[in-house]
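**Q** Dropping a prediction and its sequence here:
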Amino acid sequence: SSATRWSYKSRNVNGIANDLEAYRECFREIAEGSGKWTADCRCTAKGFMNQLEDFEFLFLLLLYKDIFMITDVMFKKLQKVGLDVGWSSSTVDGSIEQLKKLKTEERFNDLYHNRVDVEPPQNRRTRRRNTRLEDYVTENVSAGDNQTSRVSHLDKFKQLYDDVIEETVSCIQNRFRDIDKLKFCKLLNKENFVAFRGSSQLLPSII
């Protein structure tokens, strides 16, 4: 199920992020080994080792760790049996607000400058059009003039940072957009009858 896949990916992200140095050391030992490992094993380990030294990979790894810290709590709360629909809606809204609070200059700068433990690549200028993130430039052609303008590595990653958070918020909002329509389920508990008696808000919201 999608819930299982989400939880599985969360555990993978947290596992790698929390034991990053141990993974690096493990792959380094395999890559530099000679007799104990086959050439294929050493080559694969070197690839993983390089990945764990890649700025973009580490940046996204730590960003998703922050996101999963919020969504994992929401997921666990929503799995509780007999959960109140109104409380469920509040839980989702609260998680969305927490995600939005990640989208600040302070949080981004801390991730970019402090938490990623490898140096970002230097900016470079090129006239070759390439959409890969590593080129860090945009090419503007106007009035017959071919002009190249520098887009900084930091600006690229700020846009990436914002896009990931916005997409996560959008997915959660779409997934739970009809949750308020289930408020009538609260009437399955007879103790809620008095609260809904004479209410003009319930039926119009679910019709």
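**A** All right, it came through fine. Numbers count the residues shown, from 1 in each chain.
**Q** a helix runs through residue 119, doesn't it?
**A** No: counting by DSSP: H, G, I helix; E, B strand; the rest coil, residue 119 is not part of a helix but coil.
**Q** which non-adjacent residue is nearest it?
**A** Residue nearest to residue 119 in three dimensions, not counting chain neighbours: residue 55, with 7.4 Å by Cβ to Cβ, 6 or more residues apart in numbering. Glycine gets a C-beta too; all of them are placed from N, C-alpha and C.
**Q** what do you get for residue 164?
**A** Nearest to residue 164 is residue 63, by Cβ to Cβ, 6+ apart, at 6.0 Å.
**Q** Surely the one you found and residue 162 touch.
**A** No: Residue 63 lies out of contact with residue 162 (Cβ atoms under 8 Å); the separation is 10.6 Å.
**Q** Which of those two has more residues huddled nearby?
**A** residue 63 (24 against 13; other Cβ atoms under 10 Å).
**Q** lowest-confidence helix or strand of the chain?
**A** strand 137-142 (a mean of 42; mean pLDDT, DSSP states H and E).
**Q** for the residue nearest to residue 164, what are its contacts?
**A** Residue 63 makes contact with 111, 161, 164 under the criterion Cβ atoms under 8 Å, 6 or more residues apart in numbering.
**Q** Narrow those to just the buried residues.
**A** Neighbour-count burial within those applies to 111, 161, 164; the criterion is 16 or more other Cβ atoms under 10 Å.
**Q** Turn those into a markdown table, including pLDDT.
**A** Formatted as a markdown table, the buried ones among the contacts of residue 63 follow (pLDDT from 0 to 100):
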| residue | pLDDT |
| --- | --- |
| 111 | 96 |
| 161 | 97 |
| 164 | 96 |
